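In: generate a structure from the sequence data that follows.
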Amino acid sequence: MTEHLRLPPVALITYSTRPRGGVAHTLALGEAMHALGQDVLIIGLGDPGKGFFRPVAAPTHVVTAPVTTGGLEEKVAANIDALEAALADLAPAYPILHTQDCIAARAAARVRDAGIPSRVVRTVHHVDDFDSEILMDCQRQAILEPDQILVVTKIWQDILREDYGVLADVVPNGVDPARYSRHSPEVVARLRARVGATDRPLLLSVGGIEPRKGSDTLVAALSRLVGERTPPPVLAVLGGHSFQDHRAYREKVLASLDALGLTLGKDVVELGTVPEDEMAAWYAAADVLAFPSVKEGFGLAALEAMAAGLPVVTSDIPVFREWLVPGRDALLTPVGDAGALADALSAVLDDEALRARLRTAGLSLADRYTWTASARRHLELYAGSPEALTAH
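Out: Numbering: from 1, shown residues only. Below you'll find the model as predicted:
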């Protein structure tokens, strides 16, 4: 597979070691490339003593994340500087620098522009809406400076072409179906008991409480379900680590619970970051994934849920219509429509035949999106550039 391409070593670089979508993408892609025989190094910013949030079946290198006391602008600048310094030493051995975010892309471009003959590849998962002009400019440069741009869905290919004049190649996300099919009934029962769902339906939310995940719409929908259903469902919220500070939004959502007739710890249970080896069991423990995102690059949690056989209710946004068939693979509801979201969640909870159809379709779809296929496509695209074919 890779022998005839004669690809030099590839460094896959991400801004964190925590369990966020882009980081999970980087680890899984690096592992799949490594399994195919490609020489890779996965680089992240974090605590070298702790490493990445899960064991990684590929070589890794963790760069010490700088400690800052200022705002997001200072944090971004410091992280770019830290990655640049590390890449200046590492890049000569890794001629292909595949970056997964703005911070890594800016750092890699600086190293290349300083004279190290590296090809900078960037995967744009999505484009953030920053309040800061400095950060918006940083994000723009991180799209314009790389030598090669990849995206995970066609909608983002269109956006980058229209808004930035950049031509990108599409390589979808992947999933390891075997990983999400392994779980213990005893662990599943214990997880449901942990959130008080032994005798209540369990809704699962992945990604924490933040604007992009539509958390305000989700708790409004939950309020209606709790008021109408016996027994009422419980919402378990996993994750929440983000480079951006969403504390004000989170506090606003949590402050709304009382007026919505919801109790934190009873109806809404925040779990934060859970051990990675628990994720398959959480998907198995839940009755439905509630994923009303406002914006996604791909929506990896939805694909993971399907690989675990968990029905999905998500938002009717272009990125999901690109790889999901509404009503067959998942139920899609209008963004911000809490009533429609509540109706869709109720339909999944009440209709056993619907659950079975969604489960079967989801499993079939997950089998078509593998990390091995994604890794092969990445290697083909690297090799499509003359610089990538340098004999090694």
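In: where does residue 205 land in three-state SS?
Out: Of the three states, residue 205 takes strand under DSSP: H, G, I helix; E, B strand; the rest coil.
In: what about it, distance to residue 336?
Out: For residue 205, the distance to residue 336 equals 16 Å [CB to CB, to the nearest Å]. For glycine as for every other residue, the C-beta is placed from the backbone atoms N, C-alpha and C.
In: same question for residue 175.
Out: Distance from residue 175 to residue 336, by CB to CB: 28 Å.
In: before we move on, what about residue 46?
Out: Per CB to CB, residue 46 is found 35 Å from residue 336.
In: try residue 270
Out: Distance, residue 270 to residue 336, by CB to CB: 22 Å.
In: what about those two, which has more around it?
Out: Each of residue 270 and residue 336 has its neighbours counted (other CB atoms under 10 Å); residue 270 has more, 18 against 14.
In: tell me the secondary structure at the more buried one.
Out: Three-state call for residue 270 (three-state DSSP): strand.
In: please name every helix or strand in contact with the lowest-mean-pLDDT helix or strand in the chain.
Out: Every helix and strand of the chain was ranked by mean pLDDT, DSSP states H and E. The lowest is helix 177-180, at a mean of 90. In terms of contacts (3 or more CB pairs under 8 Å, 6 or more residues apart in numbering; DSSP states H and E), helix 177-180 is packed against helix 279-285, helix 300-307, helix 352-368.
In: could you pull out the buried residues of the helix or strand just after that helix?
Out: Using DSSP states H and E, the next helix or strand after helix 177-180 towards the C-terminus is helix 185-194. Buried residues in helix 185-194, counted by 16 or more other CB atoms under 10 Å: 187, 188, 191, 192.
In: can I get those residues in TSV with pLDDT?
Out: Shown next, in TSV, are these (pLDDT from 0 to 100):
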residue	pLDDT
187	94
188	95
191	97
192	97
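In: farthest pair within those?
Out: Farthest pair in the buried residues of helix 185-194 (CB to CB) is 187 and 192. Separation: 9.9 Å.
In: tell me which stretches of this structure form strands.
Out: 10-14, 40-46, 60-64, 96-99, 119-124, 148-151, 169-170, 202-206, 234-238, 268-272, 288-291, 312-315, 331-333 (DSSP state E).
In: the fourth one pairs with which strands, parallel or anti?
Out: Spelled out, that is strand 96-99. In the sheet, strand 96-99 lines up against strand 10-14 (parallel), strand 119-124 (parallel) (DSSP bridges).
In: likewise for the last one?
Out: Paired neighbours of strand 331-333 in the sheet (DSSP bridges): strand 312-315 (parallel).
In: then the third one?
Out: With DSSP bridges as the criterion, the sheet partners recorded for strand 60-64 are strand 40-46 (parallel).
In: what's the average pLDDT for the strand it pairs with?
Out: In this model, strand 40-46 has a mean pLDDT of 97.
In: mind checking which of the helices and strands packed on helix 177-180 is nearest residue 113?
Out: Residue 113 lies closest to helix 300-307 among the helices and strands packed on helix 177-180, at 31.7 Å (CB to CB).
In: buried ones in that closest one?
Out: By neighbour count with 16+ other CB under 10 Å, helix 300-307 contains the buried residues 300, 301, 302, 303, 304, 305, 306, 307.
In: ok, of these, which one's closest to residue 332?
Out: For those, the minimum distance to residue 332 (CB to CB) is 10.5 Å, reached by residue 302.
In: the residue lying closest to that closest one once chain neighbours are set aside: neighbour count?
Out: Nearest non-adjacent residue to residue 302, counting by CB to CB, 6 or more residues apart in numbering: residue 312, 5.0 Å away. Residues lying near residue 312 (other CB under 10 Å) number 28.
In: close enough to count as contact, residue 312 and residue 328?
Out: No: here residue 312 does not reach residue 328: they are 11.3 Å apart, not a contact under CB atoms under 8 Å.
In: all helices of the stretch 51-200 of the chain, in order?
Out: Ranges of helices within the stretch 51-200 of the chain are 72-90, 102-113, 133-144, 154-164, 177-180, 185-194, based on DSSP state H, counting those that start in this stretch.
In: what's the closest of these to residue 372?
Out: Judged by CB to CB, the one of the helices of the stretch 51-200 of the chain that comes nearest to residue 372 is helix 177-180, at 11.1 Å.
In: give me the contact list for that closest one.
Out: With CB atoms under 8 Å, 6 or more residues apart in numbering as the test, helix 177-180 has contacts from 279, 280, 283, 304, 307, 308, 363, 366, 367, 370.
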